[in-house]
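Participant: Here's a sequence, model it:
(2 chains)
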Amino acid sequence: MIGAISALVVLILAAGLQSALFSQITLLHGQTDLMLLTLLAWYLHEDAPSSWVWALLGGLMLGWLSALPWWLYAVVYSAAALLTTYLRRRLWRTSLFTYLLLIVFITPVILLLEYGYLRITGTPIALTDSLRLVVFPSLLLNLIFALPVYALVDEWILLFFPQEEE
Amino acid sequence: MKNKSRPSWWLPVALLVVGLLALSLGGYLTPLIRLSTKPEIAFQAWVARTYQALRDYANAPKDVNTLRAENQRLKAEIAQLQTQIVTLQQQLTDARILEALLDFARAHPNNQYKAAQVIGRDPSPFLHYIIINRGSDDGLHVGMPVVSAEGLVGHITAVIPNAARVQLITDPKSAVDVRTKPSNADAVLVGSLTGELSLEMLPQNAQVKSGDLVLTSGIGGKYPPNILAGQVVSVRKLSYALFQEASVQPVVDFRRLQIVLVIVNFKPTDLTPLLKPTEQTP
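Facilitator: Residues are numbered from 1 along each chain as shown, chains lettered A, B, ... in the order given. Okay, here's the model as predicted:
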């Protein structure tokens, strides 16, 4: 129960901070995806519960805040969570390197999906502008904020899901 | 009787005294006085400082614990005062914004406004939306125009009981019908990914030039007329193109938006039924 509440608190904090604070910290026009960083750090952690519900909830929270359709973030974050969980089970030991690798792979995918949706619905945005002004700067910002987020999530999980001594 | 005569030295002394007084009153002795009093004043200052230090030492609390407690109390007081300063500075900023908004409201007396605070932005970097802390409980509806003290901000696209989402005019999907002043040309103001504004559908024969103001025209029924949106920066006119294009500098600094006004008595016209293709009769 405490674990579920703590996970919910993390998601609410991530959504609130992303909308109120991190959306204003921009590089060109790229932004940090705090929710993605938090979810990846959460799902990579060996002591954290790996239910996909948290990714779905995080996606729904951002979908509620965003003008993009509510299901878009829910779908992409759930897919990211599934991929991360799969990797965690396949790898003998996950590390910070895995985390950074996942960010490098998933960030452009999510942003390009957003771009694709907007293009299909008639928003006039050029692909080159999107890559140059949004995708690559966002990736760089995500990598910059990756370490502190990883450390904070790690501390949080150790606090609420203490490892049992063998 | 022996004739008493005055002493013979009084006259030179009197003359000397009078002379010194005259010199002193004339200010000629000031450097001399300064020079002669300097050591005296320095000595007096040293004595006073030493006395004050000794008095402070004698009166100071001897107990280290008392000193520590007092130090803590002073630190707490400083922290409290600093918090108060931050709060007051924030209140001052808010008051200035509200004053500017009040000026705007006075300049447009026909409109009724509801002030709202910007509490968030769209998490997607492709979109230019803000979230405000007023919603349907405050009488807000989808489509209501949003302005700031400087000019046009956007319009409401989604409402929940205590919050609303506002599409900024800089959003790539935003299109506002505008009119330039004084050239009186109708055009469409569109946003972009970078937040830059430009005029489209500007007729080739329009005499628009740099510095012209861009105001809402009221056409389309989405915004009330004559709200300032920006100023023309440059015009591109190509002889083979159907329309001219112009870059527009927005009057609102969208990165620093804190408080906005929602025009609550404006009813936007829904043109959707007119835009639907007409059903063909067999």
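
Participant: residue boundaries of the strands in chain A?
Facilitator: Using DSSP state E, the strands assigned to chain A run over residues A:26-27, A:30-31.

Participant: Who is residue B:261 paired with across the strands?
Facilitator: Beta-bridge partners recorded for residue B:261 (DSSP bridges): residue B:115, residue B:147.

Participant: Please enumerate the strands of the stretch 101-250 of chain B.
Facilitator: Here the stretch 101-250 of chain B has its strands, by DSSP state E, counting those that start in this stretch, at B:113-121, B:129-132, B:145-147, B:152-160, B:163-168, B:175-181, B:186-190, B:197-203, B:213-216, B:228-236, B:243-250.

Participant: Deepest in the core, which of these is it.
Facilitator: Greatest average neighbour count among the strands of the stretch 101-250 of chain B goes to strand B:145-147 (a mean of 26), per mean count of other C-beta atoms under 10 Å in any protein chain shown. For the C-beta atoms, the positions are set from N, CA and C on the backbone; glycine is no exception.

Participant: what helices or strands is that strand leaning on?
Facilitator: strand B:152-160, strand B:259-263 (3 or more C-beta pairs under 8 Å, 6 or more residues apart in numbering or on different chains; DSSP states H and E).

Participant: Quick check: end-to-end length of stretch A:41-55?
Facilitator: 12 Å (C-alpha to C-alpha, to the nearest Å).

Participant: avg pLDDT for it?
Facilitator: Mean pLDDT, stretch A:41-55: 84.

Participant: Show me which residues of it are buried.
Facilitator: Within stretch A:41-55, the residues scored as buried using 16 or more other C-beta atoms under 10 Å in any protein chain shown are A:41, A:42, A:43, A:44, A:45, A:48, A:50, A:54, A:55.

Participant: which stretches of chain A form helices?
Facilitator: With DSSP state H as the criterion, chain A has helices at A:2-20, A:34-44, A:53-65, A:70-90, A:96-120, A:127-129, A:136-160.

Participant: Go through those helices and name the closest to residue B:25.
Facilitator: Of all those, helix A:2-20 sits nearest to residue B:25, with 74.3 Å by C-beta to C-beta.

Participant: quick one: the closest one to helix A:136-160, angle?
Facilitator: 150 degrees (axes from the mean of the first three to the mean of the last three C-alpha atoms, to 10 degrees).

Participant: which helices and strands does helix A:2-20 pack with?
Facilitator: Using 3+ C-beta pairs under 8 Å, 6+ apart, helix A:2-20 sits against helix A:34-44, helix A:53-65, helix A:136-160, strand B:113-121.

Participant: what's next to the shortest one, contact-wise?
Facilitator: If I follow you right, that is strand B:113-121. Residues outside strand B:113-121 that contact it (C-beta atoms under 8 Å, 6 or more residues apart in numbering or on different chains): A:16, A:19-20, A:23-24, A:65, B:98, B:101, B:105, B:129-134, B:138-140, B:146-147, B:163-164, B:257-264.

Participant: got the angle between it and strand B:152-160?
Facilitator: Using the same axes, to 10 degrees: strand B:113-121 against strand B:152-160 is 80 degrees.

Participant: cool, the longest one as well?
Facilitator: Angle of helix A:136-160 versus strand B:152-160, following the same axes, to 10 degrees, is 40 degrees.

Participant: Could you tell me which residues within helix A:136-160 count as buried?
Facilitator: Buried residues in helix A:136-160 (16+ other C-beta under 10 Å): A:136-139, A:141-142, A:145-146, A:149-150, A:153-154, A:156-157, A:160.

Participant: start to end distance for stretch A:27-46?
Facilitator: 32 Å.

Participant: Tell me which of the helices and strands packed on strand B:145-147 lies nearest to residue B:13.
Facilitator: Residue B:13 lies closest, by C-beta to C-beta, to one member of these: strand B:259-263, at 83.4 Å.

Participant: where in the stretch 51-200 of chain B is pLDDT low?
Facilitator: Filtered on pLDDT under 70, the stretch 51-200 of chain B yields the residue ranges B:60-62.

Participant: residues from it in reach of chain A?
Facilitator: Neighbours of chain A within the stretch 51-200 of chain B, by C-beta under 8 Å from any C-beta of the partner chain: B:119-127, B:129, B:131, B:157-158, B:165, B:167, B:172-173, B:193-195.

Participant: Now do the same contact list for the residue lying closest to residue B:196 once chain neighbours are set aside.
Facilitator: Using C-beta to C-beta, 6 or more residues apart in numbering or on different chains and skipping residues adjacent in sequence, the residue nearest residue B:196 is residue B:247, 6.8 Å away. Neighbouring residues of residue B:247 by C-beta under 8 Å, 6+ apart: B:196, B:197, B:198, B:199, B:232, B:233, B:234.

Participant: Name whatever forms a beta bridge with residue B:247.
Facilitator: Residues in beta-bridge contact with residue B:247 (DSSP bridges): residue B:198, residue B:234.

Participant: What pLDDT does the model give it?
Facilitator: 94.

Participant: Give me the distance between the residue nearest the centre of chain A and residue B:184.
Facilitator: Centroid-nearest residue in chain A, with C-alpha atoms, centre = their mean: residue A:36, separated by 0.5 Å. According to C-beta to C-beta, to the nearest Å, residue A:36 stands 49 Å off from residue B:184.

Participant: And residue B:250, by the same measure?
Facilitator: Counting by C-beta to C-beta - residue B:250 and residue B:184 are separated by 21 Å.

Participant: ok, now residue B:176?
Facilitator: 17 Å.
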